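Student: Predicted model and sequence follow; I will ask about them next.
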There are 2 protein chains.
Amino acid sequence: MLDAALAVFAENGYAGASVDEIAERAEFGKGTIYNYFPGGKDELFLTLFEERVVGWLHEVVARSFPDDADLSTPPAARAAFRGFIGALLRQFSESREALLMFMKEGYRTRLDVEHEAAFSQHFLSVIEAVARPIEVAVAAGALRPLPARTVAHVLMGNVRGYLMAEVDAECDPSGTFEPAPFGSSSEAAEFLTTVLFDGLLAP
Amino acid sequence: MLDAALAVFAENGYAGASVDEIAERAEFGKGTIYNYFPGGKDELFLTLFEERVVGWLHEVVARSFPDDADLSTPPAARAAFRGFIGALLRQFSESREALLMFMKEGYRTRLDVEHEAAFSQHFLSVIEAVARPIEVAVAAGALRPLPARTVAHVLMGNVRGYLMAEVDAECDPSGTFEPAPFGSSSEAAEFLTTVLFDGLLAP
DNA sequence: TTCTAAAGTGACCAGGAAGTCACCTGTTGA
DNA sequence: TCAACAGGTGACTTCCTGGTCACTTTAGAA
């Protein structure tokens, strides 16, 4: 049922998705949806976002930055964040639908007044989680002394930008989009890490 | 009329905005809206996006990278892009509503099937415009040899991430968001330029 | 086999929003 | 003063979709 909902939300966005279509795709009656999710469309969406996007993000952060992670020197910090970015990209390439939902609705729901309370919390919890290792690395002198949470926002924006480039290239069958994005998530992670951590300027 | 529409779209997003509300806020009858925009809500939105977001972005790019811009050395390139980022941030801080619309609907419309054709073109034209100076700087050896369009996507994602941080801080009246983002768009531009061009790693 | 409770259903209702159109209203020129 | 017209209007129609609920089906115990 959640799978069907995810597919529909990813395809049409929150506003464009109809409960009828979700029910049909899930091969359930509409009433059944309301048995499981009394809150209706809203609850369905929130649950999905929590489980399939925010939950995964937290898992990736936790896995990439265990308590004993070494963030004390620039090379160590770079390696840790490279691992994180790679895991993020891999996660999303494994679940294209969650990615699309994240891209389409992520910022909007965060900014929407009616959803704000619930989504803000989720959104900020991810930012907070990403900011923590940044803070540690900054404190250790491995990273420049910049505001951690703002850096976390920028880092996530970066990843989104890259994902957008990938989606773009995919949507463009003519291949006029040159150059193509990277073949593997490992190469892509190296690219993003280079941009973010080493900087764009030629050494 | 466009101003009213912008306000409503920025507040409620595309799906949440009603033509009635736009008409009311514009102090016009609903029929009048349809006199000027026979295509209705869709045309209104498209026009707005074209004029108030894409148009401005192009202007900023054109102003920041005149034909005789010096992008031949790392410091020169850095200065040029810093100017660009600063102009971008200033533009958006001057027009909060356009910013909100850009944030809420930018990715979604780009990915939406029905709007895809029209919006893709606009979106990609901006990316293309940003990619051009990047390509020049790469060719001159001022920047690392990375795929220009992908870098352009990432750069825009970066700016969005920073803007998101700003919006976040603003929405959080308790001030628990620490540290606050930068006071002026000039400081913010220096921050973003440092992240993107010099890299996060401590020198 | 029968009874009961849980699970599932889809026709129906109510509300809201996009778009239409017959009708005003104010202005200009004779 | 009046005719003609451009510009403006909002009640109305139509469609859509979220949510409800009386009813059917299924499963499992007695």
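Tutor: Received the coordinates, thanks.
Student: which residues sit against the helix-or-strand element of chain A with minimal mean pLDDT?
Tutor: Every helix and strand of chain A was ranked by mean pLDDT, DSSP states H and E. The lowest is helix A:96-111, at a mean of 84. By C-beta atoms under 8 Å, 6 or more residues apart in numbering or on different chains, the surrounding residues in contact with helix A:96-111 are A:6-7, A:9-11, A:13-14, A:48-49, A:52-53, A:56, A:92-93, A:115-116, A:119-120, A:123, A:160, A:163-164, A:167, B:13, B:100, B:103-108, B:111-112, B:160, B:164, B:167. Quick note: C-beta positions are derived from backbone N, CA and C, even for glycine.
Student: got the residues of chain A near DNA strand C?
Tutor: By C-beta under 7 Å from any atom of the strand, the residues of chain A that approach DNA strand C are A:27-32, A:34-36.
Student: which residues of chain A fall in helices?
Tutor: With DSSP state H as the criterion, chain A has helices at A:2-16, A:19-26, A:30-36, A:41-48, A:55-64, A:74-94, A:96-111, A:116-139, A:148-171, A:185-193.
Student: quick one, what contacts A:Ile4?
Tutor: Check again: residue A:4 is Ala, not Ile. A:Ala4 makes contacts with A:22, A:25-27, as judged by C-beta under 8 Å, 6+ apart.
Student: So which of those residues wins on neighbours?
Tutor: Counting neighbours by other C-beta atoms under 10 Å in any protein chain shown, A:Ile22 leads the contacts of A:Ala4 with 22 neighbours.
Student: my read: that residue touches A:Tyr34, true?
Tutor: No - at 11.2 Å, A:Ile22 does not count as touching A:Tyr34 under the criterion of C-beta atoms under 8 Å.
Student: in stretch A:160-173, what counts as buried?
Tutor: The neighbour-count check on stretch A:160-173 (16 or more other C-beta atoms under 10 Å in any protein chain shown) flags A:160-169 as buried.
Student: A:Thr47 and A:Ala26: what is the separation?
Tutor: Distance from A:Thr47 to A:Ala26, counting by C-beta to C-beta, to the nearest Å: 14 Å.
Student: If you could redo that for A:Glu59, that was the one I meant.
Tutor: In terms of C-beta to C-beta, A:Glu59 sits 25 Å off from A:Ala26.
Student: what about stretch A:132-151 and chain B, touching?
Tutor: Yes - applying C-beta under 8 Å from any C-beta of the partner chain, one finds stretch A:132-151 in contact with chain B at A:141-144, A:146-147, A:149-151.
Student: buried set for that stretch?
Tutor: Going by neighbour count (16+ other C-beta under 10 Å), the buried part of stretch A:132-151 is A:133-138, A:140, A:142-144, A:147-151.
Student: which stretches of chain A have low pLDDT?
Tutor: Along chain A, the model assigns pLDDT under 70 to residues A:113-116, A:172-180.
Student: Which single residue in it comes nearest to DNA strand C?
Tutor: Closest residue of chain A to DNA strand C, C-beta to the nearest atom of the strand: A:Gly31 (1.9 Å).
Student: count of residues packed around that residue?
Tutor: Around A:Gly31 there are 8 other residues, counting by other C-beta under 10 Å.
Student: same check, this time on A:Gln91
Tutor: Residue neighbour count, defined by other C-beta under 10 Å, stands at 18 for A:Gln91.
Student: picking that back up, separate out the buried members of the contacts of helix A:96-111.
Tutor: Buried members of those, scored by 16+ other C-beta under 10 Å, are A:6-7, A:9-11, A:13-14, A:48-49, A:52-53, A:56, A:92, A:115, A:119-120, A:123, A:160, A:163-164, A:167, B:13, B:100, B:103-108, B:111-112, B:160, B:164, B:167.
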